[in-house]
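K.L.:
one predicted model, sequence on top.
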Amino acid sequence: MSDTSRRPRKTGKPYRRPQKDPVRMLAFEALRAVDERDAYANLVLPPLLRKAREKEGPEKFDGRDAALATELVYGTLRRQGTYDAVIASCVDRPLREVDPPVLDVISLGVHQLLGTRIPTHAAVSSAVELARVVLGDGRAKFVNAVLRKVAQDDLDGWIARVAPPWDEDPEDHLAVVHSHPRWVVSALWDALGGGRAGIEELLAADNERPEVTLVARPGRATREELLGEEAAVAGRWSPYAVRLSEGGEPGAVDAVREGRAGVQDEGSQLVALALANAPVDGPDLAWLDGCAGPGGKAALLAALAAERGAVLLASEKQPHRAGLVAKALNGNPGPYQVIAADGTRPPWRPGSFDRVLMDVPCTGLGALRRRPEARWRRRPADLDGFAPLQRALLRTALDSVRVGGVVGYATCSPHLAETRAVVDDVLKQRTDVELVDARPLLPGVPDLGDGPDIQLWPHLHGTDAMYLAILRRTGQDG
Ligand SMILES: C[S@@+](CC[C@H](N)C(=O)[O-])C[C@H]1O[C@@H](n2cnc3c(N)ncnc32)[C@H](O)[C@@H]1O
């Protein structure tokens with residue numbers, strides 16, 4: 001009789017090394033970077049994906065792997081508010097007491113269960129396997145238990161269970177259903193000024209992935225050239241816009257690589273076009289973009305200026321961002337200048353310009369589609385931080401334009417504290433400025449609001465929620 005026959009039999013499953021799933025591993029790594037380092041998903045993900053595509057062997061990513069990893073990261077971050085409410089009802093302690101990496105693995109699993117078509121067993125087992133690799137067997141059991149509870153219902157069922165009823169608290173209801181912080185729901189609703197349908201559509205649109213939009217820079221590329229690209233369709237409003245549907249890669253477009261075209265949201269194009277379309281009395285030769293980095297609007301304005309024999313000065317406070325502006329404008333068909341300067345202490349003389357754009361720093365609440373984590377990072381106090389700078393920059397813009405010239409005050413936020421409140425406050429202190437009705441400057445674009453300013457919306461225009469007020473200098477202040 002051998003020795004081994006007398007040993008007690010081991011119970012349970014034999015140890016199996018956990019299987020690494022490169023797509024989930026990469027998604028987890030990106031979520032950790034967003035959480036731990038306050039990184040931006042749209043900046044963290046591309047280099048991770050590039051590295052994964054360059055690998056050899058089973059860990060090498062193909063296009064479908066990259067698309068799935070992107071969807072997992074963006075979807076998990078966007079839907080975090082809804083998923084947290086679901087997870088909170090499946091664990092027996094407050095979520096803040098769950099370790100952040102554990103919560104990330106669970107959230108990735110919840111997104112697969114409730115936000116994708118991945119079959120239930122694959123969603124649970126891939127998340128548990130990921131947990132075994134990155135958290136260890138003990139915590140993987142916890143992940144497994146939570147996900148099995150979540151798997152008992154679908155998204156609509158969970159929302160019905162965990163969202164406060166509309167009648168009791170509409171804002172809290174919308175916050176959970178559409179995964180936005182409550183204060184952001186309130187602010188967007190105020191800015192929209194409409195009923196239930198509008199806010200629901202807007203919040204839903206914030207959760208959609210935006211299409212990539214290109215701009216054919218006038219005099220350098222044509223829309224027809226871009227329409228020759230695979231998956232390209234004409235933009236809705238801007239004559240220079242081309243949309244790339246799912247799978248379209250801007251980096252594969254020659255005109256983009258050569259700087260003759262760029263990636264630019266159609267709303268951002270419309271802001272530049274409206275300013276360029278505003279009538280000015282007298283000469284129209286000197287244009288200023290006072291907050292130009294990274295240069296999307298400046299590149300379009302410079303190309304339009306060149307067509308009309310005007311010159312653009314593109315100014316940006318941050319030197320490295322001024323460098324990006326210089327890159328965006330390189331090759332412009334007409335003269336232009338790029339400088340690094342603080343717009344609140346401008347180096348140019350007052351009254352030097354015929355047209356001025358001030359696209360001021362803001363909370364970015366109008367671009368939530370693009371930055372999935374931004375809504376969770378922003379705080380109401382951020383508004384107070386931007387308020388004095390926004391007012392100071394608008395005052396500079398008004399001082400910089402000559403009598404008869406025009407200023408465009410723009411934000412990529414629809415928050416009233418960053419839009420109308422700034423314009424109203426600055427106008428109250430001056431007698432030399434009038435508001436111009438901006439709506440006729442964008443002929444054919446519907447639903448621009450009651451004027452005189454313009455508010456674009458993702459759910460109405462398919463653009464970021466850009467705001468624009470056009471002001472004309474009518475005389476000397478005093
Ligand atoms: C909303 S972004 C402008 C986007 C740009 N117009 C575009 O379309 O690409 C605001 C810019 O203002 C810059 N900025 C912040 N404070 C400034 C200041 N005091 N003077 C000039 N620029 C400033 C920021 O660095 C940022 O690049």
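P.N.:
Thanks, I have the structure now.
K.L.:
over in the stretch 51-200 of the chain, which residue gets nearest the ligand? Let me know.
P.N.:
Among the residues of the stretch 51-200 of the chain, Ala191 lies closest to the ligand, at 17.4 Å counting by CB to the nearest ligand atom. To be clear about C-beta, it is placed using only N, CA and C from the backbone, and glycine gets the same treatment.
K.L.:
ok, the stretch 101-250 of the chain next?
P.N.:
Val215 (10.7 Å).
K.L.:
isn't there a strand covering that residue?
P.N.:
Yes: remark: Val215 belongs to a strand, assigned using DSSP: H, G, I helix; E, B strand; the rest coil.
K.L.:
which ones are touching Ala328?
P.N.:
By CB atoms under 8 Å, 6 or more residues apart in numbering, the residues touching Ala328 are Gly259, Gly262, Pro294, Gly295, Gly296, Ala298, Ala299.
K.L.:
which among the residues you listed end up buried?
P.N.:
Buried members of the contacts of Ala328, scored by 16 or more other CB atoms under 10 Å, are Gly259, Gly262, Pro294, Gly295, Gly296, Ala298, Ala299.
K.L.:
which SS class is the residue nearest in space to the middle of the chain?
P.N.:
Central residue of the chain (CA atoms, centre = their mean): Arg370, 2.6 Å from the mean position. Using three-state DSSP, the structure places Arg370 in coil.
K.L.:
if I look at it, how far off is Pro458?
P.N.:
10 Å (CB to CB, to the nearest Å).
K.L.:
shared neighbours of the two, anything?
P.N.:
Shared contacts of Arg370 and Pro458, defined by CB under 8 Å, 6+ apart, comprise Pro210, Asp464.
K.L.:
near the ligand, which residues of the protein show up?
P.N.:
268, 291-297, 316-318, 321, 342-344, 359, 361, 412 (CB under 6 Å from any ligand atom).
K.L.:
among those, which ones are in helices?
P.N.:
Counting by DSSP state H, the residues of the chain next to the ligand place Ser268, Gly296, Lys297, Arg321 in helices.
K.L.:
who wins for neighbours among those residues?
P.N.:
Lys297 (27 neighbours; other CB atoms under 10 Å).
K.L.:
tell me how far it lies from Glu224.
P.N.:
Taken as CB to CB, the span from Lys297 to Glu224 is 23 Å.
K.L.:
grab the nearest non-local neighbour of the residue in the stretch 351-478 of the chain positioned nearest to the ligand.
P.N.:
Closest approach between the stretch 351-478 of the chain and the ligand, counting by CB to the nearest ligand atom: Asp359, at 3.6 Å. Using CB to CB, 6 or more residues apart in numbering and skipping residues adjacent in sequence, the residue nearest Asp359 is Ala410, 4.3 Å away.
K.L.:
quick check: bridge partners of that neighbour?
P.N.:
Listed by DSSP bridges, the beta-bridge partners for Ala410 are Asp359, Leu468.
K.L.:
these two touch, right, it and Leu471?
P.N.:
No: under the criterion of CB atoms under 8 Å, Ala410 makes no contact with Leu471, lying 11.6 Å away.
K.L.:
so where's the chain uncertain?
P.N.:
Per-residue confidence for the chain (pLDDT under 70) gives these ranges: 1-13, 247, 478.
K.L.:
one more pass at 90, please.
P.N.:
Under the criterion pLDDT under 90, the flagged ranges of the chain are 1-20, 56-60, 63, 194-197, 209, 229-231, 245-249, 251-252, 281, 475-478.
K.L.:
which residue ranges form the strands in it?
P.N.:
212-216, 232-234, 241-244, 261-263, 286-289, 311-316, 336-340, 353-359, 401-411, 433-436, 454-455, 467-473 (DSSP state E).
K.L.:
domain boundaries for this protein, per the record?
P.N.:
What automatic domain parsing lists as the domains of the chain is 22-155, 169-206, 212-263, 266-473.
K.L.:
distance to Asp35 for the strands of the chain - can I get that in CSV?
P.N.:
Listed next are those as CSV, based on distance: least, CB to CB, whole Å:
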stretch, distance to Asp35
strand 212-216, 27
strand 232-234, 36
strand 241-244, 30
strand 261-263, 27
strand 286-289, 35
strand 311-316, 30
strand 336-340, 33
strand 353-359, 30
strand 401-411, 28
strand 433-436, 43
strand 454-455, 33
strand 467-473, 31
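K.L.:
quick one, what contacts the residue of the stretch 51-200 of the chain closest to the ligand?
P.N.:
So Ala191 contacts Pro414, His415, Leu416, Thr419, Gln455, Ala465 (CB under 8 Å, 6+ apart).
K.L.:
among those residues, name the buried ones.
P.N.:
Here, 16+ other CB under 10 Å leaves Pro414, His415, Leu416, Thr419, Gln455, Ala465 buried among the contacts of Ala191.
K.L.:
how about residues contacting stretch 20-28?
P.N.:
Residues contacting stretch 20-28 (CB under 8 Å, 6+ apart): 48-49, 52, 58-59, 61, 65, 68-69, 72-73, 76, 101, 104-105, 108, 126-127, 129-130, 133-134.
K.L.:
stretch 245-255 too?
P.N.:
63, 211-212, 214, 216, 220-221, 225-226, 229-233, 244, 256-257, 261, 263.
K.L.:
pull out the buried residues from it.
P.N.:
Gly248, Pro250, Val253, Ala255.
K.L.:
for stretch 148-156, same thing?
P.N.:
Val150, Ala151, Leu155.
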